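Visitor: Sharing a sequence plus its predicted fold:
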Amino acid sequence: MAKSKSAYSIPVKQGKPDTHIIVVWVDNEAGVLARVVGLFSGRGYNIESLAVAEIDPKLNISRITIVTTGTHQVIEQIKLQLKKLVPVHQVADFKREDKKVIFKEMALFKVVGGKSKKEKALKACKKYNAIILDKTNKSYVIQITALRREIDLMSKKLKKFGLVSVSRTGAVAMTRGSEIFK
Amino acid sequence: MPKLYSGAGIVFKCLEDQDVEIVFGYPGGAVLPIYDELKNFNSVKHILVRHEQGAGHAAEGYARSTGKPGVFIVTSGPGATNAVTALTDAYMDSVPLVCIAGQVPTHLIGTDAFQEADTTGITRPCTKHNWLVKDIKNLEKTIHKAFEVATTGRPGPVLVDIPKDIQFQKTSYTKFKKQKKLNGKVHNHFSQKDIDELIKLMSKASKPIFYTGGGVVNSGPKASELLRELVNTTGYPITTTLQGLGTYPGEDSKFLGMLGMHGSYEANNAMHDCDLMINIGARFDDRITGKIDEFSPKSKKVHIDIDPSSINKNVKVDLPIIGDVAEVINSTIKNIKKANPNFTKSNKEKISKWWEQIQKWRSVNSFDFVNSTETIKPQYAIQRLYELTKDKDTYITTEVGQHQMWAAQHYKFDKPNRWMTSGGLGTMGYGLPAAVGVQVAHPNKLVIDIAGEASVLMTMQEMSTAVQYSLPIKIFILNNEYMGMVRQWQELLHDKNYSESYTAALPDFVKLAEAYGCVGIRATSPEELDDKIIEMVNTDRPVIFDCRVDKEENCFPMILSGKPHNQMLLGPKDQKENKITRKGKALV
């Protein structure tokens, strides 16, 4: 073993990381997003995507959906640390593979080109609920809703059809069936 | 028509209703309305410090020695940023603090106004929660909520940022009724099943150990009493963390001393070899565990803690019990007695071999050192200090470094709330202002800051506070002219390259004491030490004691980085005699 000069211990092997979707219900107040995001950055957790908006104006509740990766231990810590924050009401956690939960992201693609290119782009997007939001002689703005990896794929695929700009949201999640998060 | 109070008045109404008697603080532009109201509230006494960090540490000393929240007031900008170290310190060591900060008027927030800082932004990661009060209507409720957050569950610091215009605005005040014992039931998430499981593990164990921490102190004096009863009932050995000192009598035979990096040989070996570890209110800190994957490999681990996020954070445990430690211990004792009235007897037999083994480790006498007749050994100084003050109900604070570890090793405590040290953050300069806070809370007790000359210079200005309020704190400096712990690491791990760890110009501490208007005492040889300590103890004024000690003494035993508990580096006596430790040294 190499001679250690540190007053701290040497890192040990980590378990295999998994992707999780963490849903957090919070009071919609100043600085609440900074508290949640600050907890992630301060403790070295990872945020892959983030979606946040008020969902109950009467009770003043916002719902934050965070996609993160980490070992089992890290994910458990994330949940427990989140629950300690004063404005946090509830925390739910799902594995990305979970069949009982719907995950969706939205993307806007701007394609510029002739008619054939534009039509090819639109056709490629078809199975992802494609909607044309704006149309000119030279361009389309197409909206799709899909999974993260599907949007990744489309952003690559559309390049040859004149894709010039991509804008996308973080994932949002909801359980299937009549049940709600508890 | 109800009486109207200014925002500043509301602050004091809240402090009154929260039974706050002492606030530490420092005035400034953005808190002037609050200071203006001070004269109208006689039940709140203000202690003027010399630096806001000092106010925070003093509030910590006050809180840790009384169990009540410490309150301090700072102004905006630099006042608030100076408070950050103390807030972080309190956050790491779970000390309940309420910091009231002034802020520039609401309409100037965000304009880079004079003495403006994003205080809630800066203190967000070092408080349990903080608030910027932008509406006078929310002020009262926010301050009461702040006290609730600071003192419930795992305690910690909070900050309320109040813009100056809010301090001027007027509103009515509704009498606040304090809920009784908020700390109780809400945080107990354990069930009878957990206690049964614990007792099952205990009845199977042949090599058990209690590993207890600051959570026992935070749970209140009752928890320490119950802990003693639990140890007596079970006959198990007990070790405590740095923060847990005092929760169990330091001179009792079941006490193995502190564990961890500079803990005792018997405590660390017992932790490594045990088959049942019962963690009560400690947090598996990295100074305790050493190498995580070789930490106590053969044991079942039980973790009793009020904070669910402490469970499985560093070390995976077999049985977590979430709750206030006093409640959990109480329930455990009751159930042991109910399930097996002969537990103590039957158990004694079962763990007798374990105790034999522990006695063997104990005979190594790992806190031993080579004494000298010429120079004062720092360990000897602490031993004498202990012997000469132990019959008084003494309160000890420390700075951070070698002296802190020697104090933890050689000063024995038998009550909780008598030992105030910066463990988690390791803040040099903590001890002197903390001693100010302790002395304010206990005006007639002996309060000693065991200090190093480097640490104490970081907050030395608070001597002036001690003199102003006639606080007879004793600053007992183990002066070796080095940042001793830095020097020790450089000697052992950086080829004796003593880079910047020697202070080539130090003040004359006796003259410095006189300049502050207190008493300076110096001891340079072992034979005069006792007399000088007695002189210090008998002085009814603040004292700076310059104890000139051996400059190159190292703090042993020691677990080096990346090593498990059973590979300790022992002191010079054993290094000469013991082959294994010589081999251990080669591994350094």
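Guide: Right, received. Where do you want to start? Please read these numbers as outputs of a predicted model, since none were measured by experiment.
Visitor: So which bits of chain A are right by chain B?
Guide: Counting by CB under 8 Å from any CB of the partner chain, the positions of chain A adjacent to chain B are A:1, A:3-10, A:12-13, A:30-31, A:34-35, A:38, A:42, A:73, A:76-77, A:80-81, A:83-86. Bear in mind the C-beta positions are built from the backbone N, C-alpha and C, glycine included.
Visitor: Might you report the residue contacts of the closest residue to chain A within the stretch 251-400 of chain B?
Guide: For the stretch 251-400 of chain B and chain A, the shortest gap (CB to the nearest CB) falls at B:Ser309, measuring 3.7 Å. By CB atoms under 8 Å, 6 or more residues apart in numbering or on different chains, B:Ser309 lies in contact with A:77, A:80-81, A:83-84.
Visitor: Next: A:Val37.
Guide: Contacts for A:Val37 were tallied using CB under 8 Å, 6+ apart; they are A:47, A:50.
Visitor: and which of the contacts of B:Ser309 is nearest to chain B?
Guide: Of all the contacts of B:Ser309, A:Leu80 has the smallest distance to chain B: 3.7 Å, by CB to the nearest CB.
Visitor: Against B:Ala150, how distant is that closest one?
Guide: Shown here: A:Leu80 relative to B:Ala150, a distance of 20 Å by CB to CB, to the nearest Å.
Visitor: These two: who's more crowded?
Guide: Taking neighbours as other CB atoms under 10 Å in any protein chain shown, A:Leu80 and B:Ala150 compare with B:Ala150 leading, 26 against 17.
Visitor: Show me the shaky parts of the chain.
Guide: Went with chain A since none was named. Residue ranges of chain A with pLDDT under 70: A:1-5, A:7, A:181-182.
Visitor: oops, I was thinking of chain B
Guide: Scanning chain B for pLDDT under 70 picks out B:179-186, B:574-588.
Visitor: tell me the contacts of the spatially most central residue of it?
Guide: Note on chain B: the residue nearest the mean C-alpha position is B:Thr421, at 3.8 Å, using CA atoms, centre = their mean. For B:Thr421, the contact set (CB under 8 Å, 6+ apart) comprises B:242-243, B:397-398, B:400, B:404, B:407-408, B:430-431.
Visitor: Report the contact partners of the closest residue to B:Phe343 other than its chain neighbours.
Guide: If the residues on either side of it in the chain are set aside, B:Phe343 comes closest to B:Ile336, at 5.2 Å by CB to CB, 6 or more residues apart in numbering or on different chains. For B:Ile336, the contact set (CB under 8 Å, 6+ apart) comprises B:199, B:202, B:233-234, B:343.
Visitor: In terms of secondary structure, what does the top strand by length along chain A contact?
Guide: Under DSSP state E, the strand in chain A containing the largest number of residues is strand A:101-112. On a contact count with 3 or more CB pairs under 8 Å, 6 or more residues apart in numbering or on different chains; DSSP states H and E, strand A:101-112 meets helix A:115-125, strand A:139-146, helix A:148-157, strand A:163-168, strand A:172-175.
Visitor: Show me how far it is from its chain's centre.
Guide: 11 Å (CA atoms, centre = their mean, to the nearest Å).
Visitor: buried sites along it?
Guide: A:101, A:103-112 (16 or more other CB atoms under 10 Å in any protein chain shown).
Visitor: neighbouring contacts of that strand?
Guide: Residues outside strand A:101-112 that contact it (CB under 8 Å, 6+ apart): A:21, A:49, A:94, A:96, A:117-118, A:121, A:125, A:133, A:138-148, A:151, A:154-155, A:158, A:161-176.
Visitor: out of those residues, which are buried?
Guide: Members of the contacts of strand A:101-112 classed as buried by 16+ other CB under 10 Å are A:21, A:49, A:94, A:96, A:117-118, A:121, A:125, A:139-146, A:148, A:151, A:154, A:158, A:161-163, A:168-173, A:175.
Visitor: Let me have stretch B:91-101 in PDB, keeping just the CA atoms, if that works.
Guide: This file holds the C-alpha atoms of stretch B:91-101, laid out as PDB (Å, rounded to 0.1, in the frame of the first residue of the first chain):
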ATOM      1  CA  TYR B  91     -24.200  22.700  13.200                       C
ATOM      2  CA  MET B  92     -21.400  20.100  13.300                       C
ATOM      3  CA  ASP B  93     -21.700  19.500  17.100                       C
ATOM      4  CA  SER B  94     -25.500  19.800  17.300                       C
ATOM      5  CA  VAL B  95     -25.600  22.900  19.500                       C
ATOM      6  CA  PRO B  96     -28.900  24.800  19.700                       C
ATOM      7  CA  LEU B  97     -28.200  28.500  18.700                       C
ATOM      8  CA  VAL B  98     -30.500  31.300  17.600                       C
ATOM      9  CA  CYS B  99     -28.700  34.000  15.600                       C
ATOM     10  CA  ILE B 100     -30.600  37.200  15.100                       C
ATOM     11  CA  ALA B 101     -29.000  39.100  12.200                       C
END
